[in-house]
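[1] need a structure here:
(chains A and B)
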Amino acid sequence: EDQVTQSPEALRLQEGESSSLNCSYTVSGLRGLFWYRQDPGKGPEFLFTLYSAGEEKEKERLKATLTKKESFLHITAPKPEDSATYLCAVQAGGGGNKLTFGTGTQLKVEL
Amino acid sequence: DTEVTQTPKHLVMGMTNKKSLKCEQHMGHRAMYWYKQKAKKPPELMFVYSYEKLSINESVPSRFSPECPNSSLLNLHLHALQPEDSALYLCASSQAAQGDNEKLFFGSGTQLSVL
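    Residues are numbered from 1 along each chain as shown, chains lettered A, B, ... in the order given. Down below sits the predicted model:
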């Protein structure tokens, strides 16, 4: 069974204090690993897709990396507007259109 | 237009009511999804439609009945729900029906309360 574990569950940062969120996964043949951002009462918003170990993608203050067992979402010099829940999801080989989500990291960035 | 539109945004219903959730996208996507999300939990897949045909049903109780009238619309019909069915119901779409580009576009959801 595919499993996705995210840590920490919650993270509080001061504005400008860089940090990383972790997503560990166990899947039978990874086809893609996805990062989403979710604001309260809203649907998840797509951030990145990573397909193979060693791949990196960046968007503004966010950088996602992938190894064979885990992915990191690095947040550089965060701002209060980066506060949200960050979800990691995996698509496994033979899984059709199915994504398995982790439980998320709730990030709060304070002034 | 890169939006997935869901209506209503909020719904309160009794256990004997029948109601429907609606979802619409105009991105030409060929796969559409229903997810259920409880507070502080990840989204859980319920149904997947691929080219307007039901391709995945994650053993969802029959009180939830999906319908895909055309490639742009997705409905979820609700009947005789239980209080534990209260959750945020999310609709999503993706360009690919199969393959590796499974980037999902989510709607803002319908917050459902069952009394």
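[2] Could you check which helix or strand contains the residue nearest the centre of chain B?
    Centroid-nearest residue in chain B: B:W34, 2.8 Å away (criterion: CA atoms, centre = their mean). For B:W34, the host element (DSSP states H and E) is strand B:31-37.
[3] Pull the distance from that strand to the chain's centre.
    Using CA atoms, centre = their mean, to the nearest Å, the mean C-alpha position of strand B:31-37 is found 4 Å from that of the whole chain.
[4] returning to what we had before: quick one: contacts for the residue nearest to the centre of chain B?
    B:23, B:45-47, B:64, B:66, B:74, B:76, B:89-91 (CB atoms under 8 Å, 6 or more residues apart in numbering or on different chains). The way it works is simple: take the backbone N, C-alpha and C, and place the C-beta from them, glycine included.
[5] now with 6 Å?
    B:46-47, B:76 (CB atoms under 6 Å, 6 or more residues apart in numbering or on different chains).
[6] Those residues into JSON lines, with extra columns for distance to A:Q91?
    Rendered in JSON lines, the data for the contacts of B:W34 read as follows (distance: CB to CB, whole Å):
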{"residue": "B:M46", "distance to A:Q91": "17"}
{"residue": "B:F47", "distance to A:Q91": "17"}
{"residue": "B:L76", "distance to A:Q91": "23"}
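[7] wait, isn't A:A53 in contact with A:K69?
    No - using CB atoms under 6 Å, A:A53 makes no contact with A:K69, being 8.9 Å away.
[8] Show me which of these two is the more surrounded one.
    A:A53 (13 against 10; other CB atoms under 10 Å in any protein chain shown).
[9] Spell out which strands sit alongside whatever helix or strand A:A89 lives in in the sheet and which way each one runs.
    Assessed by DSSP H and E, A:A89 sits inside strand A:84-92. Sheet pairing for strand A:84-92, assigned by DSSP bridges, gives strand A:30-38 (antiparallel), strand A:100-101 (antiparallel), strand A:105-110 (antiparallel).
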